[in-house]
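Trainee: need a 3D model of the following:
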Amino acid sequence: QRTIRTASRRQFENKVPEKQKLFQEDNGIPVHLKDGVADAFLYRTTMILTVGRTTYAIYQLAMASLPKKRG
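Mentor: Model (predicted):
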């Protein structure tokens, strides 16, 4: 039987204190954008997709509510 080795695990640096300092800093930036460019990109992408899909849903509801033209 093999025993489980715990000594061979990789040791990762604890970055929690650094992140706490970053996110608790009072610099006027919203918390969802404090981590930098990646956060801003994800936020803008999410907003664009949300607005686009909401617009499309409203358009589809409007088209479904109007009678079809017989031609």
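Trainee: for the most centrally placed residue in the chain, pull up the helix or strand it's in.
Mentor: Geometric centre of the chain, nearest residue: Leu42, 5.3 Å, by Cα atoms, centre = their mean. Assigned by DSSP states H and E, Leu42 belongs to helix 37-65.
Trainee: how about low-confidence regions in the chain?
Mentor: Residue ranges of the chain with pLDDT under 70: 1-9, 71.
Trainee: one more time with 50
Mentor: Low-confidence segments of the chain (pLDDT under 50): none present.
Trainee: separation between Leu61 and Ile48?
Mentor: 21 Å (Cβ to Cβ, to the nearest Å). Using the backbone N, CA and C atoms, a C-beta is placed for each residue, glycine as well.
Trainee: swap in Gly36?
Mentor: Gly36 is 19 Å from Ile48, where distance means Cβ to Cβ.
Trainee: pull the number of nearby residues for Leu33.
Mentor: 13 (other Cβ atoms under 10 Å).
Trainee: let me see the contact set for it.
Mentor: With contact set as Cβ atoms under 8 Å, 6 or more residues apart in numbering, Leu33 has these partners: Asp39, Ala40, Tyr43.
Trainee: please list only the buried members of these.
Mentor: The neighbour-count test (16 or more other Cβ atoms under 10 Å) marks none of the contacts of Leu33 as buried.
Trainee: quick one: secondary structure of Asp35?
Mentor: Judged by DSSP: H, G, I helix; E, B strand; the rest coil, the three-state class of Asp35 is coil.
Trainee: does it touch Glu18 like I think?
Mentor: No: using Cβ atoms under 8 Å, Asp35 makes no contact with Glu18, being 11.2 Å away.
Trainee: out of those two, which sits in the busier spot?
Mentor: Taking neighbours as other Cβ under 10 Å, Asp35 and Glu18 compare with Asp35 leading, 14 against 10.
Trainee: which residue packs closest to that one, ignoring adjacent ones?
Mentor: Closest residue to Asp35 apart from its sequence neighbours, by Cβ to Cβ, 6 or more residues apart in numbering: Leu22 at 7.3 Å.
Trainee: show me what the helix or strand where the one you found lies is packed against.
Mentor: Taking DSSP H and E as the criterion, Leu22 maps to helix 16-24. On a contact count with 3 or more Cβ pairs under 8 Å, 6 or more residues apart in numbering; DSSP states H and E, helix 16-24 meets no helix or strand.
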